[in-house]
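Chemist: Whatever this is, show me its structure:
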Amino acid sequence: MDIQMLTAGLIRLLDVEPAGEAGHFLGHRKPGGVGRVYGGQVVGQALAAAAKTVAEDRPVHSLHCYFMRPGSEDYPIDYHVEADMDGRAFSNRRIVARQQGKAIFNMIASFHRPERGPAHQSDVPPVADPDGLKDLGDLIREFDLPAGPVLRWIAGSSSPVRFRPVGAIQSGIVVPNDREPQMCWMRVGGGDPLGLGQPMQRAMLGFISDMLLLATAYRPHGLHIGSAGVTSASIDHSVWFHDDVECGDWLLYVTDSPWAAHGRGFARGHFYARDGRLVASVAQEGLIRFRDSD
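Modeler: Down below sits the predicted model:
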C-alpha cells in the first residue's frame, strides 16, 4: 500500500470522535487488525480524546498510563475523559478506555500553557544523518539480521512508520547481549509535513513511543519480543513532552534499559528533532516473563 495512504489511515485511526454521552469518545478499530491492540494505539487515541476537552493554548506536557487488560482488535474502544481540573495555567484529565464494559487502560494527562522560565536540555548524541542510512526493513532482508516477529512486523512495508537505526547495524553487525543505548531515526510518512496541529502530533508521538522501547530490555539477554519462550506486554507507560514536534520529519529515538528482574523490564528513551531539540522523554515498565512461569 502507498505510504501516503498508510499515513492517512494512521491519522484517521488516532482521531477519535465524540460518542454519545459528554466526555465519551470512540476509538475506531485498526482496519485489518487482528489479535491484541497495539499499546501505542491506545496511548495515542486516549491522548487525542483528552486533548479535545482542553483549550488549544494548553498542549499536553505529560501523561502516565497503565495497561490493565489486553485490548481486542475485534471491537472499538470507548474513551471516557474526566475533567478533573482547569487552573490558571494547567489542566488535568483522567481517561479510562473500555471494551465490552471492561476497563482495559487508564491514563492521567496534564496540559500546560507555556510560560517563561529558565531553559536547558541534554545534547543530542553525535549520529549519522538519517538521509544516508538504510531502512530497518532493508537491513533485515539484506543481512538476515536476528530479529523477532514483532520487530519484523513493524519494519514491514505495511507500516506508515519508517525506521533507520544508527550504528554498526548499518553494516549488518549486531553486537550480542548489547547493553549500550540504542539509537534509531523514526518518521511517520514519506517525508512531507503531516499538516497536523500539536494535539494530533503529540498523539502521534505517543503512538510511536511504544515502538522499540521494551525491546531494549531484551537486548542484554540476546532475546527478542515475540520469540519463543518469552511473554511480553507493556505494564505502564509515561511520556513527557518538552517541545513542539513534527512526526513527519525524522526524530532520533535514543533508548536504554538500566534494569530488568522479577519478570519485568524497565526502559527509557528520549526523542530529538533533527535540529537537536529534545522534544520528549519516555519511560516504560513491561512484562518480560519466561513462558514456563505463565
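
Chemist: Helices of this structure, start to end?
Modeler: In the chain, the helices defined using DSSP state H lie at 3-14, 39-51, 136-143, 149-154, 198-209, 215-218.

Chemist: Which residues does the fourth one contact?
Modeler: Which is helix 149-154. 136, 140, 159, 161, 163, 211-212, 215, 224-227, 232 (CB atoms under 8 Å, 6 or more residues apart in numbering). Every residue, glycine included, has its C-beta placed from N, CA and C.

Chemist: who's the residue lying closest to Arg264 once chain neighbours are set aside bridged to?
Modeler: Nearest residue to Arg264 in three dimensions, chain neighbours excluded: Glu285, at 5.6 Å (CB to CB, 6 or more residues apart in numbering). Beta bridges link Glu285 to Asp236, Phe266, judged by DSSP bridges.

Chemist: Thought Asp236 was touching Glu285, still the case?
Modeler: Yes: with contact defined as CB atoms under 8 Å, Glu285 and Asp236 form a contacting pair (5.3 Å).

Chemist: mind listing what Asp74 touches?
Modeler: Asp74 neighbours (CB under 8 Å, 6+ apart): Arg29.

Chemist: and the gap between it and Asp249?
Modeler: According to CB to CB, to the nearest Å, Asp74 and Asp249 sit 35 Å apart.

Chemist: got it, and Gly206?
Modeler: For Gly206 relative to Asp249 (CB to CB), the value is 17 Å.

Chemist: cool, Phe67 as well?
Modeler: In terms of CB to CB, Phe67 sits 29 Å off from Asp249.

Chemist: Between those two, which has more neighbouring residues?
Modeler: Phe67 (23 against 18; other CB atoms under 10 Å).

Chemist: that older thread, spatially, which two of the contacts of helix 149-154 are the most separated?
Modeler: The two members of those with the most space between them (CB to CB) are Val161 and Ser227, at 21.6 Å.

Chemist: which residues of the stretch 151-294 of the chain fall in strands?
Modeler: Taking DSSP state E, counting those that start in this stretch to define them, one finds strands in the stretch 151-294 of the chain at 161-165, 182-188, 230-241, 251-261, 264-273, 278-290.

Chemist: With respect to Asp129, which of the ones you listed lies nearest?
Modeler: strand 182-188 (8.7 Å).

Chemist: residues in contact with that closest one?
Modeler: 7, 10, 125, 127, 130, 133, 136, 160-167, 194, 204, 208, 211-212, 216, 219, 247-256.

Chemist: can you check stretch 84-104 too?
Modeler: Contacts for stretch 84-104 (CB under 8 Å, 6+ apart): 27, 42, 45-47, 49-50, 53-55, 58, 67-72, 75-83, 105-113, 115.

Chemist: For the helices of the chain, which has the smallest mean pLDDT value?
Modeler: With a mean of 79, helix 149-154 has the lowest mean pLDDT of the helices of the chain.

Chemist: Measure how far that helix is from the centre of its chain, please.
Modeler: Helix 149-154 sits 15 Å away from the centroid of its parent chain (CA atoms, centre = their mean, to the nearest Å).

Chemist: pLDDT score assigned to the closest residue in space to Asp78 that isn't next to it in sequence?
Modeler: Nearest non-adjacent residue to Asp78, counting by CB to CB, 6+ apart: Arg98, 4.8 Å away. With respect to pLDDT, Arg98 scores 98.

Chemist: Same check on Arg268?
Modeler: So, for Arg268, pLDDT stands at 98.

Chemist: residues contacting the closest residue to it other than its chain neighbours?
Modeler: Once flanking residues are discounted, Arg268 sits nearest to Ala283: 4.6 Å by CB to CB, 6+ apart. By CB under 8 Å, 6+ apart, the contact set of Ala283 is 237-238, 266-269.

Chemist: how near is Ala283 to Arg113?
Modeler: 25 Å.

Chemist: repeat for Trp185
Modeler: 31 Å.

Chemist: quick one: which of those two has more around it?
Modeler: Using other CB under 10 Å as the criterion, Trp185 and Arg113 rank with Trp185 on top: 24 against 14.

Chemist: which residues does that one bridge with?
Modeler: Arg164, Leu252.

Chemist: how near is it to Gly101?
Modeler: 41 Å.

Chemist: Alright, I will stop here.
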